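K.L.:
attaching a predicted model along with its sequence, questions to come.
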Amino acid sequence: MPIYEYRCHNCRRRVSIFWRTFSDAEAGAPVCPRCGGTDLTRLISRVRVVRSEESRLDDMADFDDLPDFDESDPKSLGRWMRKMSAETGEDLGPEFDEVVGRLEAGENPEDIEKSMPELMGEGGDDFSADLDI
Ligand SMILES: [Zn+2]
């Protein structure tokens, strides 16, 4: 759901208008929610999009809200992966469980990766890159 900001020339306020779709926003005539005026100029640089599921997942890969996260500590990494799995509610499969279990046991992520070649993504991305670390 896109949100555009407009400058209303009637009441001279900056207002935000929600549109159901981008095409609605392009085709629709904006009406000032404050004064009902229709003389609005869109402030194009201000466009925002309400967070999608995808961006929410991206946020979870952001370590800023994990003050105790230490990427050099396998146990910390394992805890984080388990938390991420719980938050997405997805069953990530037995390999994931095995990796998390081994991390939580203090195993080095590189050793785990070497012993589980099926973890290698397309193009040989390594395990750490998949985790966006
Ligand atoms: Zn107005």
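P.N.:
Yep, that arrived.

K.L.:
ok, the nearest residue to L92 once chain neighbours are set aside to P94 distance?
P.N.:
By the measure of CB to CB, 6 or more residues apart in numbering, the closest residue to L92 outside its immediate chain neighbours is S85, 5.5 Å from it. In this view, the C-beta of every residue, glycine as well, is placed from N, C-alpha and C. From S85 across to P94, the span is 12 Å (CB to CB, to the nearest Å).

K.L.:
again with M116
P.N.:
11 Å.

K.L.:
those two: which is more packed in?
P.N.:
M116 (14 against 8; other CB atoms under 10 Å).

K.L.:
what residues are up against the more buried one?
P.N.:
95, 98-99 (CB atoms under 8 Å, 6 or more residues apart in numbering).

K.L.:
correct me, but V31 touches W19?
P.N.:
No: counting by CB atoms under 8 Å, V31 sits too far from W19 to count as a contact (11.8 Å).

K.L.:
picking that back up, what's the closest of the contacts of M116 to the ion?
P.N.:
For those, the residue nearest the ion by CB to the ion is V99; the value is 55.4 Å.

K.L.:
so that closest one makes contact with I112?
P.N.:
Yes: the pair V99 / I112 is scored as a contact, 5.7 Å apart, by CB under 8 Å.

K.L.:
the two: which is more packed in?
P.N.:
Taking neighbours as other CB under 10 Å, V99 and I112 compare with V99 leading, 23 against 20.

K.L.:
so which strand or helix has that one?
P.N.:
Assessed by DSSP states H and E, V99 sits inside helix 93-104.

K.L.:
by contact count, what packs against the helix or strand just after that helix?
P.N.:
Where DSSP H and E defines the elements, the next helix or strand beyond helix 93-104 is helix 109-115. Secondary-structure packing of helix 109-115 (3 or more CB pairs under 8 Å, 6 or more residues apart in numbering; DSSP states H and E): helix 93-104, helix 127-130.

K.L.:
tell me which of those helices lies nearest to the ion.
P.N.:
helix 127-130 (48.6 Å).

K.L.:
I'd like the average pLDDT over the closest one.
P.N.:
Averaging pLDDT along helix 127-130 yields 48.
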